[in-house]
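>>> test case, fold it:
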Amino acid sequence: MGNIKLDCLAVNPNNTIVYGIGNAYIDGTYTFTQEKGVLLLVRSEPNPISLKSIKWTIVSIAQAKFFPSYWSQAFDSVDCAVSRTGVFTALAVNKPANQSQDSINWTGIKYDPA
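Reported below is the predicted structural model:
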């Protein structure tokens with residue numbers, strides 16, 4: 001895969017494993033389209049020493065075209081959390097400048113390993 005653009009990071013409740021969600025390219029062109037892009041959920045090895053030294057393992061991979069509301073826009077904020085059982089949730093929000101509260105755009109993604 002090579003390059004992953006992580007949108008957010010979360011740590012499990014025991015503070016031993018880091019999880020991240022983001023986009024990656026499948027052909028090396030760095031042109032992210034729904035045909036070429038994938039959405040990845042990754043996790044670290046237990047007890048990483050630093051963020052720079054993390055070796056990521058893919059937990060889940062899906063074509064971006066199945067998540068158009070996530071990959072097709074830049075979000076102002078993406079927050080995520082992971083439970084003790086490995087359930088990962090990401091919430092993204094985009095509020096266009098000078099717009100009303102009604103135009104806030106929310107998107108959520110949940111991964112359940114069960």
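>>> mind exporting the C-alpha coordinates of the helix or strand harbouring Ala24 to PDB?
Assigned by DSSP states H and E, Ala24 belongs to strand 18-25. Output of strand 18-25 as PDB, limited to C-alpha atoms (Å, rounded to 0.1, in the frame of the first residue of the first chain):
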ATOM      1  CA  VAL A  18      -3.100   2.600  18.700                       C
ATOM      2  CA  TYR A  19      -5.800   2.500  16.000                       C
ATOM      3  CA  GLY A  20      -6.200   4.800  13.000                       C
ATOM      4  CA  ILE A  21      -8.500   5.300  10.100                       C
ATOM      5  CA  GLY A  22      -7.600   6.900   6.800                       C
ATOM      6  CA  ASN A  23      -7.400   6.800   3.000                       C
ATOM      7  CA  ALA A  24      -4.800   5.100   0.800                       C
ATOM      8  CA  TYR A  25      -4.200   4.700  -2.900                       C
END
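>>> contacts made by the helix or strand just after that strand with the rest, please.
Next along the chain after strand 18-25, taking DSSP H and E as the criterion, comes strand 37-43. Outside strand 37-43, the residues within contact range by CB atoms under 8 Å, 6 or more residues apart in numbering are 1, 4, 6, 17-26, 56-64, 66-67, 70-71, 88, 109, 111. All C-beta atoms are positioned from the backbone trio N, CA, C, and that covers glycine.
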